[in-house]
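Chemist: turn this into a model:
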Amino acid sequence: MKNKPALTVEVSRGNTVHQYLESVHKVDIVVSDADGKIVDSWGDGDRLVFPRSENKALQALPLVESGAADKFGFEPRHLALACSSHNGEVFQTEAANHMLAAAGLDATCLECGIQLPYHPRDTEKLIRDGVPVSAIHNNCSGKHSGFLAFAAHQGFPTEGYIQFRHIVQQEIAGALESVTGEKHGADNHGIDGCSIPTYEIPLKALAAAYAKFGVGNDSGKERSKAMLRLRDACIAHPEMVAGSERFDTELMRALKGRAFTKTGAEGVFTIALPELGLGAALKCHDGTTRAAKVACAWLVEFLLEKSDSGLSETAGNAIKRLTNPVLKNWNAIEVGNLKVVN
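Modeler: Purely as a prediction, here's the structure:
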């Protein structure tokens, strides 16, 4: 396969007559099948990345495989929340509280840190209602509620569950190592924003892992079933994976079950396209999320347009808004746009 240069996302600014190039972002992309065969790539597929929030769907595997999700009666919306980077909206925090209560725990057990909700309007509502901001509003509280439920089910200590050597994190690292085929250990780990370990692995390994996730292709029957269960939960409840006015929610809704996408920190994204048996991972060189979103939408469009089913007019129009988003200022005046230059 001929090595193509990194994808380019351009940011323009101007007026009704002329648009001027303001910024340029480079994005590395790998598209893989579940056997690890690279079917397309742009830039450096061997580059090392920290899959932070992109790993959440894989980090939730022990929750399902152990039987904890069934024991505590978790519904698909709860499983989607366990894979989420959510907004801290009321319906999301209520679901996280439900998960904790079902496991005999509460929000004081969360060790992910306090974070304001994504939308200022939700923070303002908390202030009006006299509700203090807490760890339950952290975008990772669904994932951490899943960790705690897994610990409670297994009889593991819940205190300190975020630490590198805690058995919960060791179990999760083992699952990640198995699915990605890459070592997850002391010599390649860092600390994520929510304080759990995160591990540096090649972009191509991440792409292959999400190809497996999309089709439930794993050596163990229980893990394959867990992958499909989590995939289906996320696709059915994209509002739990991200939330109102968020990229992942809008894209998954538009495609009606044809794609799973997950945003992460520092311009990394993962994609699963079950009908094609493909997974993808991308990294914006400068860590810019706005460019990574555009590249993600472009890639999904590029791959599905070539599929047997193609894209419906409705889905195509929805994706076009994400591949070529308009930039507006504080007065809602259109000032520019982003687009892929391939």
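
Chemist: report the contact partners of G73.
Modeler: Going by Cβ atoms under 8 Å, 6 or more residues apart in numbering, G73 touches A102. Glycine gets a C-beta too; all of them are placed from N, C-alpha and C.

Chemist: nope, A236 is what I was after
Modeler: Listed by Cβ under 8 Å, 6+ apart, the contact partners of A236 are 76, 80, 257.

Chemist: same question for D28.
Modeler: Counted by Cβ under 8 Å, 6+ apart, D28 has contacts 6-7, 42-45, 47, 203, 282-283, 285.

Chemist: could you redo the last one with a cut-off of 7 Å?
Modeler: Listed by Cβ atoms under 7 Å, 6 or more residues apart in numbering, the contact partners of D28 are 6, 42-45, 47, 203, 282-283.

Chemist: strands - which of these land there?
Modeler: Applying DSSP state E to these, the entries found in strands are 42, 282-283.

Chemist: from the centroid of the protein, which residue is nearest?
Modeler: Nearest to the mean C-alpha position of the chain, by Cα atoms, centre = their mean, lies K262 at 2.4 Å.

Chemist: distance check, that one against L278.
Modeler: Per Cβ to Cβ, to the nearest Å, K262 is found 15 Å from L278.

Chemist: and E334, by the same measure?
Modeler: Here the criterion is Cβ to Cβ. By it, E334 lies 35 Å from L278.

Chemist: if you count surrounding residues, which of these two has more?
Modeler: Using other Cβ atoms under 10 Å as the criterion, E334 and L278 rank with L278 on top: 24 against 11.

Chemist: surely that one touches A211?
Modeler: Yes - between L278 and A211 there is a contact at 5.5 Å, judged by Cβ atoms under 7 Å.

Chemist: tell me, what's touching these two both at once?
Modeler: Listed as contacting both L278 and A211 by Cβ under 7 Å, 6+ apart are 32-33.

Chemist: still on that earlier bit, could you look up the SS state of the residue nearest to the centre of the chain?
Modeler: Under DSSP: H, G, I helix; E, B strand; the rest coil, the three-state class of K262 is strand.

Chemist: so who does it touch?
Modeler: By Cβ under 7 Å, 6+ apart, the contact set of K262 is 53-54, 56-57, 248, 269-270.

Chemist: equivalent analysis for T261, please.
Modeler: Residues near T261 by Cβ under 7 Å, 6+ apart: 248, 251-252, 269, 271, 296.

Chemist: same question, L79
Modeler: 60, 69, 229-230, 233.

Chemist: gap between it and A60?
Modeler: 7 Å.

Chemist: give me the common contacts of the two.
Modeler: L230.

Chemist: the helix or strand where K125 lies: which residues count as buried?
Modeler: Using DSSP states H and E, K125 falls within helix 120-129. Neighbour-count burial for helix 120-129, with 16 or more other Cβ atoms under 10 Å as criterion, is recorded at 122, 126.

Chemist: for it, C-alpha coordinates in CSV please.
Modeler: What follows is helix 120-129, C-alpha atoms only, in CSV (Å, rounded to 0.1, in the frame of the first residue of the first chain):
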residue,chain,number,x,y,z
PRO,A,120,-23.0,26.3,31.1
ARG,A,121,-26.8,26.1,31.2
ASP,A,122,-26.5,22.9,33.3
THR,A,123,-24.0,24.5,35.7
GLU,A,124,-26.4,27.5,36.0
LYS,A,125,-29.2,25.1,36.9
LEU,A,126,-27.1,23.5,39.6
ILE,A,127,-26.4,27.0,41.1
ARG,A,128,-30.1,27.9,40.9
ASP,A,129,-31.1,24.7,42.6
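
Chemist: helix, strand or coil for the spatially closest residue to C112 that is not a sequence neighbour?
Modeler: Leaving aside its chain neighbours, C112 sits nearest to C194 (4.1 Å; criterion: Cβ to Cβ, 6 or more residues apart in numbering). Following three-state DSSP, we place C194 in the coil state.

Chemist: helices along this protein, start to end?
Modeler: Using DSSP state H, the helices of the chain run over 56-59, 61-65, 68-71, 76-82, 90-102, 120-129, 141-154, 167-180, 203-215, 221-236, 238-241, 247-255, 289-305, 313-323.
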